[in-house]
Structure formats: structure tokens, C-alpha cells
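> Dropping the sequence and predicted coords here.
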Amino acid sequence: MKTYFPSDLKCVVLLGVDFDGPCHEVGRGIAPLGIHSWGRYSAKRGVPRHLEMFQRLGVPCTFFVPGYDAEQYPDLVKAIDSSGCEVAAHGYLHEAWEMPFEEEEALLRKTNDILGNLLGKQVLGWRSPSGRKSDRTMQVLKSMGYIYDSSDKDYDLPYRLRFSDGAGGTNNLIELPNNTYSLDDFPFYKFSHTPPSEVRDQWIDEFEHIYNSDGFFVLTVHPRSGWGSGTPSRSRAFEEVIRHIQQYDGVRFFSCAGFAQWCLANPHYLEEACHT
Ligand SMILES: [Zn+2]
């Protein structure tokens, strides 16, 4: 069996929480009230519940936070950071629509300023709120000092993403691909209405296969009510997955930035690829 990481690092585990508060509705022109208030649950209950759980279990995590949500809930975003979890960028209004590049760049920089000024530190990573991105997106992230992107779905391992620098050369970022179908709560709770215990079993099954193969496990959850994992029984399912993983030898939990820094320090373990 091919070993991708050092022998004492059998499996890397990255837990990503996409904050996805009321920005989700506001960005679509919907008042985040009544049936559309699922995002506010994220801020009021889901994120605090997940934060408490990460601290109790002693695992790091990355919260991908849209700029608008950080403006609405600055104290909560500061609490995420002071708990030791990472705060990374996730759009301003969770923009999932096509837009001119200049508008995209302005929103990337706006969110970077909001998070950077709020926390007094450099933001290191980004996850596209829709999966939409381009080489120009990567150029902006690089220019702002980001070290990783976690938006692509094209591989089972981290890699060095090479992209055009827009001036005839190339540049690169660490890419941490995520699997937004079987290792994401959204499809299970939005489309198939899968019971939490079955979601838990699916994620454990995925983990066991990854543990015995590539050793790179990236799980994405959303702390909203509605289609998210913020509510008690779904949070419990998430916790049971983490507890299960913690029993295995050679597993190490990282924040996304922590692992991207490990990748930069250990470049020989990573392949290099471009988008084509
Ligand atoms: Zn999102």
C-alpha cells in the first residue's frame, strides 16, 4: 500500500464547519426570518454547541465564516478564534452566483478585511461558498497572504495547486479538496432526509476506508437548523464520528491552516497539479 504521509501520521483528519448564518438568505434577497431563519440558529445554538464539543474532545477545527455573518456576530467569531479553532473566509454573502471578476475580488478583499480586523490576525484560508472559483480567484487569495484553498473536489489528497499568476508565470497554493457529497451533512439532510444515526454510520464507513487507503479525511458540516448539523441529535452524530476516529492509531486532527503549514514544511509529500 502506498504511504502518502510519514509513518507516524497514518491519517490526517480535517473538520470544517461552514458557519453559513443568515448571509445565506440575505444574499439571495430573502429576509432571514420565520422559515428562513435557519442561519440564525447557526449563530445562536449550532456554533456554540460545536465549539463546546471541540473543546471537550480536544480537537482543532476550522470555521469558514462569511464576512456578513462576522459583521452580525463579531463576539461569536472572536470566541471561535480565542477557543483555538481557526477562522477562515467563506465569501461575504455566501455568493454562489456568477459575477464580474472585479466584483468577486472586491468581496474577497472585503471579507478578508472584516475577519482580519476583527481578529487582529492574518486570514490563511478560503473555501468557496459555492465551489465556484477561477485562477483569478486564486491570484487574489495569494496576494492577500492566504496559504490554502479548500474548494476543489477533484482528488483524495492535498496537493500544490498551480495556477496562472496573470503575468505569464505561475504561482501556487495548498489545495485541500473536500468531498461535498458523502462527507458533508448538506445532501443527507437536505435531499435524502437521512436519520442522524445513518449519517453517522456513513461517515464512519467513509473514515474506515480512507484510514486504510489515502489517509486524508475531510468532513464538512453546517451548524444551521433545517439542513444543517447544529441541532442536538445531529450534533451528537457528528460527535460520535469524532469519538470513533479518536480510537485509531496514527490519526491526527489539524485545523486546515495547521495542516497547510505542515504541507508547506513537508512539500515532498505533495503532488503538484493545475486545474486543467
Ligand atoms: Zn457555505
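The structure has been received and is ready for your questions.

> got the contact list for Arg160?
Neighbouring residues of Arg160 by Cβ atoms under 8 Å, 6 or more residues apart in numbering: Asn172, Leu173, Ile174, Glu175, Cys263, Pro267, Leu270, Glu271, Glu272, Ala273. In this view, the C-beta of every residue, glycine as well, is placed from N, C-alpha and C.

> got those residues as JSON lines, with pLDDT and distance to Ser164 columns?
Listed next are these as JSON lines, based on pLDDT from 0 to 100; distance: Cβ to Cβ, whole Å:
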{"residue": "Asn172", "pLDDT": "95", "distance to Ser164": "11"}
{"residue": "Leu173", "pLDDT": "97", "distance to Ser164": "12"}
{"residue": "Ile174", "pLDDT": "97", "distance to Ser164": "17"}
{"residue": "Glu175", "pLDDT": "97", "distance to Ser164": "15"}
{"residue": "Cys263", "pLDDT": "96", "distance to Ser164": "21"}
{"residue": "Pro267", "pLDDT": "90", "distance to Ser164": "21"}
{"residue": "Leu270", "pLDDT": "90", "distance to Ser164": "20"}
{"residue": "Glu271", "pLDDT": "90", "distance to Ser164": "19"}
{"residue": "Glu272", "pLDDT": "88", "distance to Ser164": "14"}
{"residue": "Ala273", "pLDDT": "87", "distance to Ser164": "14"}
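
> so what's the closest residue to the ion within the stretch 1-150 of the chain bridging to?
Residue nearest to the ion within the stretch 1-150 of the chain (Cβ to the ion): Asp18, separated by 3.9 Å. For Asp18, the beta-bridge partners are Phe64 (DSSP bridges).

> In this structure it contacts Thr220, no?
Yes: here Asp18 reaches Thr220: they are 6.2 Å apart, a contact under Cβ atoms under 8 Å.

> Of these two, which one has the most company?
Taking neighbours as other Cβ atoms under 10 Å, Asp18 and Thr220 compare with Asp18 leading, 29 against 21.

> which residues does the more buried one contact?
Asp18 is in contact with Phe63, Phe64, His90, Arg127, Pro129, Thr220, Val221, His222, counting by Cβ under 8 Å, 6+ apart.

> okay, now Glu52: neighbour count?
Using other Cβ under 10 Å, Glu52 has 12 other residues around it.

> which residues are contacting the host helix or strand of it?
Assigned by DSSP states H and E, Glu52 belongs to helix 47-57. For helix 47-57, the surrounding residues in contact (Cβ under 8 Å, 6+ apart) are 15, 17, 19, 60-61, 63, 76, 79-80, 83-85, 221, 223, 229-230, 232, 235, 238-239, 242-243, 246.
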